[in-house]
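Student: Below are the sequence and a predicted model for it; my questions follow.
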Amino acid sequence: MALLNWKNEYSVGVPSIDGQHHKLFDMLNQLHEAMKSGVGAKVVPVILNNLISYTRDHFSDEEQSMRQAGYPAYVAHKAEHDKLTDEVVRLVKDMEAGGIAMSVEILSFLQQWLQTHILSADKKYSSHMKAAGIR
């Protein structure tokens, strides 16, 4: 069973961004499956680093679209992105140094952050993106 299932309520109405959000859901589900299967210690760092890389690319694309659309809350939205990126990078460094193990708590943090961020912060830019013709 998947950790995250896409629902229409997650759509921001911008197909390119919705597609990236789908991919983030898939990557978190892949991380969850690796942890459940017992091979987590071998593959979790690889999946997590791929997730970080993809998330940075997604944030960059989303931020570029927000600037293009003239989204007035861009600075605050980017600050949320930067805060998450810094937190996840810190968690990965701690994990790689043996300070923490990949745990359900970290996975739950990522899941909750993604869902909450899409449903609150990302939904707010939807009309600006659509009005600017961003697809």
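Tutor: Yep, that arrived.
Student: So which residues of the protein form helices?
Tutor: 15-37, 40-69, 74-96, 104-117, 123-131 (DSSP state H).
Student: Val88 against Leu110, yeah?
Tutor: Yes: using CB atoms under 8 Å, Val88 makes contact with Leu110 at a distance of 7.3 Å. For the C-beta atoms, the positions are set from N, CA and C on the backbone; glycine is no exception.
Student: More neighbours: which of these two?
Tutor: Leu110 (24 against 19; other CB atoms under 10 Å).
Student: Please work out how many residues are found near Gln115.
Tutor: Neighbour tally, Gln115, other CB under 10 Å: 16.
Student: ok, it to Gly133 distance?
Tutor: For Gln115, the distance to Gly133 equals 28 Å [CB to CB, to the nearest Å].
Student: CSV for the helices of the chain, including mean pLDDT?
Tutor: Conversion of the helices of the chain to CSV gives the following (pLDDT from 0 to 100):
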stretch, mean pLDDT
helix 15-37, 91
helix 40-69, 87
helix 74-96, 87
helix 104-117, 86
helix 123-131, 93
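Student: Could you dump those into a markdown table and include distance to Asn5?
Tutor: Shown next, in a markdown table, are these (distance: least, CB to CB, whole Å):
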| stretch | distance to Asn5 |
| --- | --- |
| helix 15-37 | 8 |
| helix 40-69 | 18 |
| helix 74-96 | 21 |
| helix 104-117 | 11 |
| helix 123-131 | 18 |
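Student: Which of the ones you listed sits closest to Leu3?
Tutor: Judged by CB to CB, the one of the helices of the chain that comes nearest to Leu3 is helix 15-37, at 4.0 Å.
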